[in-house]
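Novice: Mind looking at a prediction? Sequence and model below.
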Amino acid sequence: MAWKIVCSILALLVAYFYLKFRTFSYKLTEKVDRNYDYIIVGAGTAGSVLANRLSEDKKTKVLLLEAGGEDTKNAFIDIPSKAGLVQLSNEDWQYRTVPQKHACLGLNNQRSFWPRGKVLGGSSSINMMVYSRGSRYDYEEWAANGCEGWSYEEVVPYFLKSEDNHNENYVRSGYHSIGGPLTVTDLHEVPLTDVMQTAIKELGYDIHDLNGKSSIGFMPVQATVRNGRRWGTAKAFLRPAMDRGNLHVAVNAHVTKVLFNKEKEAFGVRFMRNGIPHTVNATKEIILAGGTIGSPHILMLSGIGPKEHLEEFNISVIADLPVGSNLQDHLSTEVSFTIQAPLSLTNPKVKSITTLLEYYFLDKGYLSTPANEINGHLKTQSGAAYQYPNVAFTFLMRLLGGDSQKGGMKSSNLQEKVYTALYGANVDQEGFTVIVWNLHPKSRGTIRLHSSDSFDHPDIDPHYLEDPEDVKTLVEGLKWAMGLEKASALQRIGTKLTNRILPQCSHHEPFSDSYIECYVKHISLSIYHPMGTCKMGASDDPTGVVDPFLRVKGVKKLRVVDASIIPNSISGGIYAPTIMIAEKAADMIRGVKTVSKIDF
C-alpha cells in the first residue's frame with residue numbers, strides 16, 4: 001500500500017512539473033513568401049517589439065528574420081541566476097573586441113568578450129534583465145542636439161506603454177504603469193540586500209526609484225522577471241503575436257545584404273538559411289534591428305558606410321555615411337568585500353535542495369535572481385558639470401570567483417594568473433562585489449568590416465580608456481566603493497575589503513591612486529551596453545546615420561531601430577531604452593500615435 005502512495009505522489013509531481021515548465025514551440029515559418037510589406041532583420045530586443053506592433057495592423061504583412069534559433073532550446077535562458085551560463089553558448093554571437101591599447105591589460109590578448117543574443121529575443125534573452133531607463137537629461141540632450149521628438153516628455157509615454165510594473169508605490173508615482181506586455185518586478189532574494197540599503201542610508205544617500213523623478217541615488221533593482229523567470233521581449237512581445245496570420249517568423253536566417261534599385265530604394269534582402277541563399281522583397285520598408293554590431297555590419301556589406309573603407313573591400317558605395325563610428329560602451333571595474341555573516345549568495349546555497357524546491361514550487365529564491373540587487377548612480381568630481389550622473393554602481397550580492405569551475409574567468413576572458421590572484425580564494429566564501437562603471441565615456445570606438453564575408457565577425461574597437469577622463473571617472477568611482485566598509489551596518493557583519501594585490505600593479509603602493517589607476521587599466525570589463533554606431537541626428541548632421549524618424553540618410557525605405565541609433569550614452573542600461581525606441585518607431589512607421597505626451 002505504501003509503495004502505491006509513493007508512486008502516486010511521484011506521478012503527481014511529474015505531472016505538476018510537466019504542466020508548469022513545459023515549453024511551447026513558436027509558430028515558425030518554414031517557407032518564406034516572395035513579398036511582404038515590412039521585413040524586420042533581427043528578432044532581438046527591438047525586433048520582437050516591432051514585429052508585435054506592426055502586425056497589429058491586420059492588413060499589413062510582416063516578415064521577421066532571425067539569425068539564431070528559438071529561445072526555448074536553452075533551459076538556462078529562463079533561470080535568472082544562470083544568465084551568465086548563456087554567454088559563450090550557441091545563443092550568443094560570441095563577439096570579441098580587437099586588442100585594446102589602454103585597457104583590458106589583464107585579459108587574454110587584451111580582448112574583451114562582447115556577448116550579444118543570437119536567439120529569439122536577442123540580448124533580452126541573455127542579459128541581466130535590469131530595467132533602467134536612464135536620466136531625463138539624456139533625452140533632453142538628444143532633443144537639444146537635433147533629435148526632434150525625442151525629449152524626455154516625448155519618450156516617457158513609450159516606456160509606460162510597454163510596462164507592467166508590479167511595484168504599487170512606483171505606479172502611484174505616475175512614472176510607471178501597469179497593463180503592458182513587459183513585466184517589471186523587484187529583485188530582492190538575498191538577505192544582504194537589506195543590510196546594504198541600511199549602509200547606503202548611513203552614508204547619507206537616498207534610496208528611491210532611479211527611473212522616476214531623479215536618476216541620482218540608489219535603488220533596489222527592478223528587472224524583467226515574472227514568476228521567478230526571465231521575461232524578455234520574445235516572451236513579452238513576440239510570443240503573443242505568433243498566432244497572427246500576417247506575421248511570419250523565420251529562424252536560422254542569416255541576412256547577408258540589403259538590396260537597392262537604381263533610385264536607391266531598399267526593395268529586399270538576401271539571407272542564408274541551411275546553406276541555401278534566399279531573396280525576399282518588401283513593398284513598404286526594410287527595418288534593421290540587428291543591434292549595435294549587427295546593423296552597421298549589414299549596412300556596410302550593403303554599400304552604406306564610410307566610402308574609403310567600403311572601397312577597400314570592393315563594395316559598391318550607395319551612401320557615404322559614418323556607419324560604425326561613434327561606438328560607445330559602459331566600461332567597468334570592480335572591488336570585492338568579504339563578510340563574516342551568512343547573508344550573501346554562495347555556490348553551495350544556489351545548489352542546495354532547499355533552493356531548488358523553493359524555486360520550482362514557489363517561483364522564488366536564489367535561482368530567481370542574478371544577485372545584482374542594488375544599483376546606484378552618482379556624480380563624481382569629474383562629472384560635476386553634468387546634469388546627469390556619470391558613474392554607476394552595481395551591487396552584486398556574491399563574490400566574483402565564488403564558483404569552483406572558474407566560470408567568471410571564462411566569461412570575462414581574464415588571464416588565469418590575474419583571476420587566481422584576485423579571486424582564487426573566493427570559492428564558496430561569503431561576501432559581495434561592487435561593479436563600478438562609467439556612464440558617459442568620452443572615448444569613441446568603431447565597428448569596421450573584417451572582410452566582405454557576412455559570416456566573418458566585424459572588427460570591434462571600443463578604444464577603451466583612450467581618453468584620460470574615462471580613467472579618472474573609474475578611479476573616482478572605485479575609491480568611493482572602497483569606502484563602503486566604514487558604514488557601521490557593514491562593520492557589524494565583519495565587512496573587509498579584499499586586499500589581494502594585482503601582480504601587474506604590485507610596484508605601486510597598494511590602493512594608492514597610482515595603484516588604482518593601474519588596476520582599472522588591467523581589470524577593465526564591459527557591462528555589455530554597446531550603442532551609437534548608426535547615430536541618430538538632425539537631417540543636416542554630418543555625424544548622423546539616421547534622421548529623427550530613424551530613416552537611413554541618402555536612401556529610401558530603410559530604417560534602423562535598435563540601440564545603434566542612440567546618439568550619446570544612456571545614464572543606465574540600454575535594454576529598456578531599446579524597447580522604448582522600438583515602441584516609438586512602430587508608431588512612426590505606421591503613421592499613428594498610440595500614446596499621449598506627459599508633462600512631469
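Specialist: Arrived safely, thanks for sending.

Novice: Okay, Val255 and Glu202: tell me how far apart.
Specialist: Distance of Val255 to Glu202, given as C-beta to C-beta, to the nearest Å: 53 Å. In short, each C-beta sits where N, CA and C put it, glycine included.

Novice: With neighbour numbers in mind, choose between those two.
Specialist: Val255 (26 against 14; other C-beta atoms under 10 Å).

Novice: Confirm that the more buried one lies within a strand, as I assumed.
Specialist: Yes: counting by DSSP: H, G, I helix; E, B strand; the rest coil, one finds Val255 located in a strand.

Novice: what's it in contact with, if anything?
Specialist: Contacts for Val255 (C-beta atoms under 8 Å, 6 or more residues apart in numbering) come out as Val41, Leu65, Ala67, Val269, Arg270, Phe271, Gly290, Ile298, Ser454.

Novice: again, only using 10 Å
Specialist: Contact partners of Val255, counting by C-beta atoms under 10 Å, 6 or more residues apart in numbering, are 39, 41-42, 65-67, 269-272, 278, 280, 286, 288, 290, 294, 297-298, 301-302, 454.

Novice: do the same with Leu400
Specialist: 334, 336, 408-409, 412, 414, 419, 422-423, 426, 431-433, 435, 498, 525.

Novice: where does the stretch 401-550 of the chain dip in pLDDT?
Specialist: 402-406 (pLDDT under 70).

Novice: now the helices for it?
Specialist: Under the criterion DSSP state H, counting those that start in this stretch, the stretch 401-550 of the chain carries helices at the ranges 407-412, 416-423, 468-482, 488-491, 513-522.

Novice: These into TSV, with extra columns for mean neighbour count and distance to Leu378?
Specialist: Shown next, in TSV, are the helices of the stretch 401-550 of the chain (neighbours: other C-beta atoms under 10 Å; distance: least, C-beta to C-beta, whole Å):
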stretch	mean neighbour count	distance to Leu378
helix 407-412	18	25
helix 416-423	18	25
helix 468-482	21	7
helix 488-491	16	18
helix 513-522	20	17
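
Novice: What is the burial count for the residue nearest to Val249 when sequence neighbours are not counted?
Specialist: Distance criterion C-beta to C-beta, 6 or more residues apart in numbering; nearest residue to Val249, sequence neighbours excluded, is Leu64 at 4.7 Å. Leu64 has 31 neighbours, counted by other C-beta under 10 Å.

Novice: Next up, the contacts around Leu64.
Specialist: Neighbours of Leu64 in contact, by C-beta under 10 Å, 6+ apart: 29, 36, 38-43, 47-48, 50-52, 54-55, 120, 238, 241-242, 247-251, 253, 287, 289.

Novice: can you tell me the helix or strand for it?
Specialist: According to DSSP states H and E, Leu64 maps onto strand 62-65.

Novice: That strand pairs with which strands, parallel or anti?
Specialist: Take DSSP bridges as the rule and strand 62-65 pairs in its sheet with strand 35-41 (parallel), strand 247-250 (parallel).

Novice: picking that back up, distance check, the residue nearest to Val249 against Cys505.
Specialist: Counting by C-beta to C-beta - Leu64 and Cys505 are separated by 48 Å.

Novice: hmm, back to that, state the mean pLDDT of the next helix or strand after the strand holding Leu64.
Specialist: Later in the chain than strand 62-65, the nearest helix or strand by DSSP H and E is helix 83-86. The pLDDT scores in helix 83-86 average 94.

Novice: now swap in stretch 97-116 and tell me
Specialist: Stretch 97-116 comes out with an average pLDDT of 98.

Novice: so of the contacts of Val255, which ones are in strands?
Specialist: Among these, the members falling in strands (DSSP state E) are Ile39, Val41, Leu65, Val269, Arg270, Phe271, Met272, His278, Val280, Ile286, Leu288.

Novice: Please check the residues you listed and keep the buried ones.
Specialist: Buried subset of the ones in strands among the contacts of Val255 (neighbour count, 16 or more other C-beta atoms under 10 Å): Ile39, Val41, Leu65, Val269, Arg270, Phe271, Met272, His278, Val280, Ile286, Leu288.

Novice: Just name the closest of these to Asp470, please.
Specialist: When these are compared for distance to Asp470 (C-beta to C-beta), Leu288 wins out at 29.2 Å.

Novice: I'd guessed the closest one sits against Leu301; true?
Specialist: No: look at Leu288 against Leu301 with C-beta atoms under 10 Å: they stay out of range, at 11.4 Å.
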